[in-house]
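Colleague: sequence and predicted structure, then a few things I'm wondering about:
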Amino acid sequence: MNITLEKYHGLGNDYLIFDPNKNELELTEENIRLICNRNFGVGSDGLLVGPILGNDKLEVKILNPDGSEAEISGNGVRIFGKYLKDAGYVQKNRFTINTLSGQQTIQYLNEEGTRIKVSMGKLSFYSDEIPVTGPRREVLNETMMFGSIPYRVTCVNIGNPHCVIWLNDISKELVCRIGKHSESAECFPEKINTQLLKVLDRTNIEIEIYERGAGYTLASGTSGCAAAGAAYRMGLTERKMYVHMPGGVLEVEIEEDENVLMTGEVGYVGRFTLSHEMAEQLKALQ
Ligand SMILES: N[C@@H](CCC[C@H](N)C(=O)O)C(=O)O
């Protein structure tokens with residue numbers, strides 16, 4: 001049996017879909033790393049395994065390129081939504097899926113399903129829910145040391161953990177320098193995704209991203225929601241804003257109950273049928 005993977009991207013944040021109903025391979029940390037490797041494998045910022053059928057909801061498992069499992073991915077959910085339409089798994093325009101972090105509602109905004117709105121769930125700034133070590137509190141504008149340098153940090157959970165650093169000048173170089181330390185800092189027992197946040201005006205923010213388990217990425221849906229949530233909470237923006245990332249722009253709205261709505265595009269790259277040689281290498285790593 002051939003192994004086929006479908007590749008999509010959300011604003012340059014690329015994912016491969018491994019549909020377990022069409023492929024036979026036991027995924028392990030080792031073979032996930034090889035699939036996502038940009039030199040020796042197909043290459044991607046992560047792997048989406050699904051739909052996993054069985055209960056009343058379609059389920060997706062989200063894997064980082066280092067083989068670790070993430071609770072949620074904003075771009076991943078939109079991409080999975082587009083795949084479900086392309087592969088004929090759904091006919092409705094609005095439906096709910098299951099991820100490790102809970103349920104997300106997906107809505108197609110155009111006929112092709114390339115523009116998708118997702119109800120992502122609620123923000124939490126509470127230390128025990130993010131998680132961040134220390135007494136229970138909302139982690140707002142605290143000083144934290146990453147690589148011996150102090151930063152003002154707001155932490156937030158939107159299904160997965162994020163730390164947002166508000167600065168006037170942001171760059172790829174700086175987020176990579178900070179992210180290498182913050183990702184595995186002792187105060188983050190589940191590790192963390194890092195965003196540098198620049199506020200452009202009350203309805204536009206810009207971010208640079210360093211993802212847990214993936215490193216630097218051109219875009220991240222949950223990072224966009226987390227940074228928007230932090231900016232709103234700090235009183236810097238309105239509830240609705242555009243989040244500018246190197247790969248494109250996401251629309252984010254923080255509802256009154258702190259539920260987050262995220263809207264953005266998805267692009268289809270193509271189908272990859274792995275060579276016999278590659279399939280054998282992956283099987284040897286099962
Ligand atoms: N690209 C993502 C986030 C993927 C998961 C993240 N690396 C984690 O480990 O939490 C997005 O679009 O949200």
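Modeller: Cool, the structure landed.
Colleague: all contacts plus neighbour counts: C-alpha atoms, from now on.
Modeller: Will do.
Colleague: what about V77, which SS state?
Modeller: helix (DSSP: H, G, I helix; E, B strand; the rest coil).
Colleague: how far away is it from V249?
Modeller: Going from V77 to V249 by C-alpha to C-alpha, to the nearest Å gives 16 Å.
Colleague: those two - which one has more neighbours?
Modeller: Taking neighbours as other C-alpha atoms under 10 Å, V77 and V249 compare with V77 leading, 27 against 19.
Colleague: wait, A230 touches T154, no?
Modeller: Yes: using C-alpha atoms under 8 Å, A230 is in contact with T154, at 6.5 Å.
Colleague: touching both of the two, which residues are there?
Modeller: Applying C-alpha atoms under 8 Å, 6 or more residues apart in numbering, one finds that A230 and T154 are jointly contacted by V164.
Colleague: residues from the stretch 1-150 of the chain in reach of the ligand?
Modeller: Counting by C-alpha under 6 Å from any ligand atom, the residues of the stretch 1-150 of the chain close to the ligand are N64, A70, I72, S73, G74, N75, G76.
Colleague: find me the pLDDT at the third one, would you?
Modeller: Pointing back at I72 there. Here, the pLDDT recorded for I72 equals 98.
Colleague: who touches it in this structure?
Modeller: Counting by C-alpha under 8 Å, 6+ apart, I72 makes contact with I62, T99, L100, S101, G159, N160, T222.
Colleague: so L84, which of the three states?
Modeller: When classified by three-state DSSP, L84 comes out as helix.
Colleague: so the residue lying closest to it once chain neighbours are set aside: helix, strand or coil?
Modeller: Spatial nearest neighbour of L84, chain neighbours left out: V90 (5.8 Å); criterion: C-alpha to C-alpha, 6 or more residues apart in numbering. Classification of V90 using three-state DSSP returns coil.
Colleague: count the neighbours of V90 for me.
Modeller: If you count neighbours by other C-alpha under 10 Å, V90 ends up with 15.
Colleague: same check on N23?
Modeller: Quick note: N23 (other C-alpha under 10 Å) scores 13 neighbours.
Colleague: same check, this time on the one 5 residues further on
Modeller: Neighbours of T28 under the rule other C-alpha under 10 Å: 14.
Colleague: repeat that for L16.
Modeller: Residue neighbour count, defined by other C-alpha under 10 Å, stands at 29 for L16.
Colleague: output the helix or strand it falls within as CSV, restricted to C-alpha atoms.
Modeller: Secondary-structure assignment from DSSP states H and E places L16 in strand 13-18. What follows is strand 13-18, C-alpha atoms only, in CSV (Å, rounded to 0.1, in the frame of the first residue of the first chain):
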residue,chain,number,x,y,z
ASN,A,13,2.4,27.5,8.2
ASP,A,14,2.5,24.2,6.4
TYR,A,15,1.0,20.9,7.5
LEU,A,16,0.9,17.4,6.0
ILE,A,17,-2.2,15.4,6.5
PHE,A,18,-1.9,11.7,7.2
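Colleague: report the distance from it to the chain centre.
Modeller: 11 Å (C-alpha atoms, centre = their mean, to the nearest Å).
Colleague: now the element after that strand, going C-ward?
Modeller: Next along the chain after strand 13-18, taking DSSP H and E as the criterion, comes helix 29-36.
Colleague: what sits against the residue sitting nearest the centre point of the chain?
Modeller: Of all residues in the chain, the one closest to the mean position by C-alpha atoms, centre = their mean is S73, 3.0 Å from it. Taking C-alpha under 8 Å, 6+ apart, we find S73 in contact with I62, S220, G221, T222.
Colleague: of those - the most surrounded one?
Modeller: S220 (29 neighbours).
Colleague: can you tell me which residues in the stretch 151-286 of the chain are near the ligand?
Modeller: Residues of the stretch 151-286 of the chain lying close to the ligand by C-alpha under 6 Å from any ligand atom are N160, E211, R212, G213, A214, S220, G221, T222, S223.
Colleague: can you add pLDDT, secondary structure and distance to V42 and give those back as JSON lines?
Modeller: Below are these laid out as JSON lines (pLDDT from 0 to 100; DSSP: H, G, I helix; E, B strand; the rest coil; distance: C-alpha to C-alpha, whole Å):
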{"residue": "N160", "pLDDT": "98", "secondary structure": "coil", "distance to V42": "26"}
{"residue": "E211", "pLDDT": "98", "secondary structure": "strand", "distance to V42": "20"}
{"residue": "R212", "pLDDT": "98", "secondary structure": "coil", "distance to V42": "20"}
{"residue": "G213", "pLDDT": "98", "secondary structure": "coil", "distance to V42": "17"}
{"residue": "A214", "pLDDT": "98", "secondary structure": "coil", "distance to V42": "15"}
{"residue": "S220", "pLDDT": "98", "secondary structure": "coil", "distance to V42": "20"}
{"residue": "G221", "pLDDT": "98", "secondary structure": "helix", "distance to V42": "22"}
{"residue": "T222", "pLDDT": "98", "secondary structure": "helix", "distance to V42": "24"}
{"residue": "S223", "pLDDT": "98", "secondary structure": "helix", "distance to V42": "25"}
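Colleague: thanks a lot, catch you later.
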